[in-house]
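Novice: Sequence first, predicted model second:
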Amino acid sequence: MDTPFQDFQKTFHDLHIPTKIIDILDRLGFSYPSFIQAKTIPLAIEGKDIVGIAQTGTGKTLAFGIPMMARLAHTQGRGLVLAPTRELAAQIHEDFKKIGLPLGIHTVCIIGGEDMRKQIRELHSNVRVIIATPGRMLDHLRQQTTRLDDAIIVVLDEADRMLDMGFMPQVEIILKHVAQKRQTLLFSATIPEDVIKIAHQYMHHPTRIEITPTATAAKNIHQSLYIVSHANKFSLLEKLLHDHKVSTLIFCRTKIGAARLARNLKLKNIKTAEIHSDKNQQQRKHALESFKKSHIRVLVATEIAARGIDVKDIGLVLNYDLPDDADNYVHRIGRTGRAGRRGLAVSFACPDQSDSIKDIEKAIQTKIPIEYHPAMPKEYFTHAKKLVKEKSRHFQRRRHR
């Protein structure tokens with residue numbers, strides 16, 4: 001299995017990786033590093049602080065996982081990885097175990113919704129890497145069930161979310177508990193400049209590695225947009241699911257909307273599960289596993305699934321509701337087209353959402369083509385054409401600035 005977006009100029013042997021880890025990578029089927037891995041790993045093994053920006057699905061987890069394992073294999077201390085969602089933390093944990101266990105480096109996943117007592121027992125064992133969501137990590141620090149003063153390598157994955165106003169206070173407190181002399185690595189597909197300025201407060205002369213400009217969508221994902229009224233969304237969704245009989249991830253704006261949509265799809269005998277904050281951790285894990293194993297065809301989710309769902313063969317990502325934040329569009333559609341495969345991303349927009357569409361297109365620096373479905377009422381062709389003209393004027397103004 002080759003790595004996505006490979007740098008064929010280099011092999012893992014060229015990146016100063018210990019032989020033991022290269023042997024593990026060989027057994028896992030990884031032949032070549034991706035561009036982000038090839039650029040990041042040698043510098044990270046040297047102990048340098050790094051800000052890494054690359055598209056989703058390009059192997060960022062190994063880009064920080066391999067250097068962390070390499071350094072911990074020859075250094076005292078522990079590693080800490082912070083992730084914004086439970087699903088992403090669990091995915092990182094699974095990837096880390098594949099490399100860490102053969103090296104005798106044990107990892108633990110500390111997330112909300114799971115038994116604190118079990119986590120305490122694991123933290124008191126010989127754990128070298130902690131992968132956590134900020135809220136639960138803070139719970140353990142406040143209850144003094146663990147310490148982080150020996151955490152010499154710290155990773156903030158999906159750094160834009162980790163350093164936004166929602167997580168910022170928690171992250172600040174956690175970073176006060178880790179070793180002062182530490183290596184700090186930040187990774188994401190979207191890191192706005194203001195977030196980078198904040199990040200520099202916690203880093204020592206970081207090297208910025210930008211494989212693609214922030215918020216760039218992968219070229220192997222075909223994007224399209226349908227203009228449709230809220231009342232006609234479900235009807236159009238049914239038609240598209242009939243046209244594209246592939247594994248499908250659908251995003252809704254609210255948990256109530258996700259639950260309602262999942263219920264309606266089940267009534268149409270479409271095998272569906274849902275992930276949102278009203279589901280407990282066990283239900284969320286079961287839904288994701290069912291989706292990964294193709295026991296269900298459709299997974300309906302809120303924004304919590306935009307980061308951390310690493311399913312190889314998602315053929316279609318469908319934005320039933322547009323995201324509130326334009327940058328989240330990149331993370332959503334990045335769930336398809338993983339590992340260099342082709343993917344399809346479809347978005348529904350109501351006729352009055354032209355501003356939201358413009359914000360997304362400005363973020364990704366690309367116009368999203370509007371498509372028509374022959375089964376839709378003719379009135380929506382008119383709405384779509386009007387929006388096309390508005391978008392064209394918008395891009396002409398930007399070019400002349």
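Specialist: It's in.
Novice: How is Thr336 classified with respect to secondary structure?
Specialist: coil (DSSP: H, G, I helix; E, B strand; the rest coil).
Novice: Just give the number of residues close to it.
Specialist: 29 (other Cβ atoms under 10 Å). Where you see a C-beta, it was placed from the backbone N, CA and C, and this is true even at glycine.
Novice: Equivalent analysis for His373, please.
Specialist: Other residues near His373 come to 13 when the count uses other Cβ under 10 Å.
Novice: Then Gln76?
Specialist: 8.
Novice: so who does the closest residue in space to it that isn't next to it in sequence touch?
Specialist: Closest residue to Gln76 apart from its sequence neighbours, by Cβ to Cβ, 6 or more residues apart in numbering: Asp150 at 7.5 Å. Residues in contact with Asp150, defined by Cβ atoms under 8 Å, 6 or more residues apart in numbering, are Gln76, Gly77, Arg78, Ala179.
Novice: Turn the residues you listed into TSV, columns for secondary structure.
Specialist: Output for these, formatted as TSV (three-state DSSP):
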residue	secondary structure
Gln76	coil
Gly77	coil
Arg78	strand
Ala179	coil
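Novice: returning to what we had before: any idea how far Met69 is from the residue nearest to Gln76?
Specialist: 16 Å (Cβ to Cβ, to the nearest Å).
Novice: wait, doesn't Phe30 sit right on Phe12?
Specialist: Yes - under the criterion of Cβ atoms under 8 Å, Phe30 makes contact with Phe12 at 7.0 Å.
Novice: so which of the contacts of Asp150 comes closest to Ile92?
Specialist: Arg78 (15.2 Å; Cβ to Cβ).
Novice: and the closest one, bridged to which residues?
Specialist: Ala151 (DSSP bridges).
Novice: right, and it touches Ala132 too?
Specialist: No - with contact defined as Cβ under 8 Å, Arg78 does not reach Ala132; the gap is 11.9 Å.
Novice: Looking at these two, which has the bigger crowd around it?
Specialist: Ala132 (27 against 24).
Novice: Not counting residues beside it along the chain, what's closest to the more buried one?
Specialist: Ile110 (3.9 Å).
Novice: JSON lines for the contacts of Asp150, including pLDDT and distance to Pro18?
Specialist: Shown next, in JSON lines, are the contacts of Asp150 (pLDDT from 0 to 100; distance: Cβ to Cβ, whole Å):
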{"residue": "Gln76", "pLDDT": "93", "distance to Pro18": "17"}
{"residue": "Gly77", "pLDDT": "95", "distance to Pro18": "17"}
{"residue": "Arg78", "pLDDT": "97", "distance to Pro18": "18"}
{"residue": "Ala179", "pLDDT": "94", "distance to Pro18": "23"}
